[in-house]
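Visitor: kindly return the folded structure for what I paste below:
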Amino acid sequence: MQFKIIGLYAIIILALLRFLIYPLNSALQEKRVLLGEQFESYQIKGQILDRQSKNREEKVVVEKKDFLPHLYEKTIPNFHIQSDILEQVIKIAEKKGLLVLHFEMMDPLSGKNITEVSVSVRLKGKAGAFIEILEDLEKSEKVLGIRSLEITKSEPDHVFYLILSGFKMEI
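Guide: Alright, predicted model coming up:
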């Protein structure tokens, strides 16, 4: 009889252990999978950090003489730069068949080393001709930046509003 009671207790204890330990084991397996994923993520982040630190060490230093020919000189007045930009746009627009509706000389944005001198221009014409204007401006001797560009459809043409910026070296 005592043997039967001990056996019954053993079965009850084993059943309880099965219901208590088995869920813990599956939770442990899930945690191992998560740990593996986090470890892979950590390794990838380490590789990215190594690449970034190498890129920081390989900084490219551009000499002043390399970009100076592409900027306007300090001695040139801002309105000369603006008129030069506007003259380029008008000449190219006439060649490409676009109509200059409006232009405005904007206030320059002075920086420590470079001043941004801007002109806003409103053009009307075909989209293909406008793209050709942008391509021609890109080939310009001096660097020109497009600070803003808006395109509006007005039958049968488009109206293009853009703000072009020239850059003047201040040092």
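Visitor: and the one residue sitting closest to the centre of the chain, helix, strand or coil?
Guide: In the chain, the residue lying closest to the centroid (C-alpha atoms, centre = their mean) is R147, at 14.5 Å. Recorded secondary structure, R147: strand (DSSP: H, G, I helix; E, B strand; the rest coil).
Visitor: surely it and Y161 touch.
Guide: No: taking contacts as C-beta atoms under 8 Å, R147 lies outside contact range of Y161: 11.4 Å. The way it works is simple: take the backbone N, C-alpha and C, and place the C-beta from them, glycine included.
Visitor: show me the strands in this structure, by range?
Guide: Assigned by DSSP state E, the strands in the chain fall at 99-105, 109-110, 114-125, 144-154, 157-169.
Visitor: for these, give me JSON lines that also has distance to E135 and mean pLDDT.
Guide: Formatted as JSON lines, these follow (distance: least, C-beta to C-beta, whole Å; pLDDT from 0 to 100):
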{"stretch": "strand 99-105", "distance to E135": "18", "mean pLDDT": "92"}
{"stretch": "strand 109-110", "distance to E135": "26", "mean pLDDT": "89"}
{"stretch": "strand 114-125", "distance to E135": "15", "mean pLDDT": "93"}
{"stretch": "strand 144-154", "distance to E135": "12", "mean pLDDT": "90"}
{"stretch": "strand 157-169", "distance to E135": "14", "mean pLDDT": "92"}
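Visitor: do you know which of those lies nearest L24?
Guide: strand 144-154 (62.5 Å; C-beta to C-beta).
Visitor: got the contact list for stretch 118-138?
Guide: 82, 85-86, 88-89, 92-93, 96-109, 144, 146-148, 151, 154, 157-166 (C-beta atoms under 8 Å, 6 or more residues apart in numbering).
Visitor: pull the longest helix from this protein.
Guide: helix 2-57 (DSSP state H).
Visitor: state the mean pLDDT of that helix.
Guide: For helix 2-57, mean pLDDT is 84.
Visitor: distance between that helix and the chain's centre?
Guide: Computed by C-alpha atoms, centre = their mean, to the nearest Å, the chain-centroid distance of helix 2-57 equals 41 Å.
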